[in-house]
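> Sharing a sequence plus its predicted fold:
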Amino acid sequence: MTTETKSPNEFVISRVFNAPRKLVWKALSESEALAQWWGPKGATIHISKLEFKPNGVFHYNMQSPMGVMWGLFRYLEMVEPEKIVFINSFSDETGGITPNPFLPAFPLEVKNIITLAEHEGKTTLTLKGGPINATEEQQKAYRDMMGSMNEGFKGTFEQLDEYLAKIQ
């Protein structure tokens, strides 16, 4: 048994998907797939650019009743089909990093690590994230948002689950 120590600024969420790891990896790495499930429920995703490779980017916008919001992933590391490391930021349409439009005190950069582990044809996706290059105020804003982030990722992962069920 392993014990994991979590820092106060670390967000962790896991979900088991009824799909092999190779298929979950594909859903994380292809623009056609990401457009089907990424983001909050009710949002429409438009992908501006996807370079799924180290030093590549995922630049997209989400259209929802709250308006249009841009996001940016800067990929750091990939170990197919088990690990993706990236920095997530809010963005503008040109790919520049911007503050969170709803919570300006939120960190400008959040480093995330996604791991995928397969067991008996099912895949456990674990996402761990935390602010980097953040002020104390930004770290507090991040901690204060963890409950909302948990709910948001639950909805996003429900959409991933539905997407995976459709393509199997």
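On my side now, so go ahead. Numbering: from 1, shown residues only.
> got a list of contacts for the longest strand seen in the chain?
The longest strand of the chain (DSSP state E) is strand 67-79. Applying CB atoms under 8 Å, 6 or more residues apart in numbering, the set of residues contacting strand 67-79 from outside is 51-62, 83-93, 95, 97-98, 101, 111. From N, CA and C alone the C-beta is placed, and that goes for glycine too.
> go on, stretch 31-50?
Under the contact criterion CB under 8 Å, 6+ apart, stretch 31-50 has outside partners 26-28, 30, 56-65, 93, 95, 152, 155-156, 158-160, 162-163, 167.
> which of the residues you listed are buried?
Among these, the ones that count as buried by 16 or more other CB atoms under 10 Å are 26-28, 57-62, 156, 159-160, 163.
> Out of those residues, which sit inside strands?
Short answer: these in strands (DSSP E) are 57-62.
> hey, where'd the helices end up in the chain?
21-29, 31-37, 136-144, 146-167 (DSSP state H).
> Now do the last one: distance to the chain's middle.
Spelled out, it's helix 146-167. 10 Å (CA atoms, centre = their mean, to the nearest Å).
> angle of it against helix 136-144?
When axes from the mean of the first three to the mean of the last three CA atoms, to 10 degrees is applied, the directions of helix 146-167 and helix 136-144 differ by 50 degrees.
> what's in contact with helix 146-167?
For helix 146-167, contacts defined as CB under 8 Å, 6+ apart pick out 11, 13, 15, 17-19, 23-24, 27, 33, 36-41, 125, 127.
> Residue 12 and residue 130 touch, don't they?
No - Residue 12 lies out of contact with residue 130 (CB atoms under 8 Å); the separation is 9.4 Å.
> Looking at the two, which has the bigger crowd around it?
Shown here are residue 12 and residue 130; by other CB atoms under 10 Å, residue 130 has more neighbours (20 against 14).
> pLDDT value on the more buried one, please?
Here the pLDDT value assigned to residue 130 is 97.
> if I pick it, what's in contact with it?
7, 9-11, 110-111, 142.
> repeat that for 7 Å
Contact analysis of residue 130 by CB atoms under 7 Å, 6 or more residues apart in numbering lists 7, 9-11, 110-111.
> Kindly report the same for residue 106.
100, 138, 141-142, 145.
> Next: residue 29.
Going by CB under 7 Å, 6+ apart, residue 29 touches residue 52.
> how much space is there between residue 133 and residue 13?
Taking CB to CB, to the nearest Å as the measure, residue 133 falls 23 Å from residue 13.
> Between these two, which is the more surrounded one?
Shown here are residue 133 and residue 13; by other CB under 10 Å, residue 13 has more neighbours (17 against 10).
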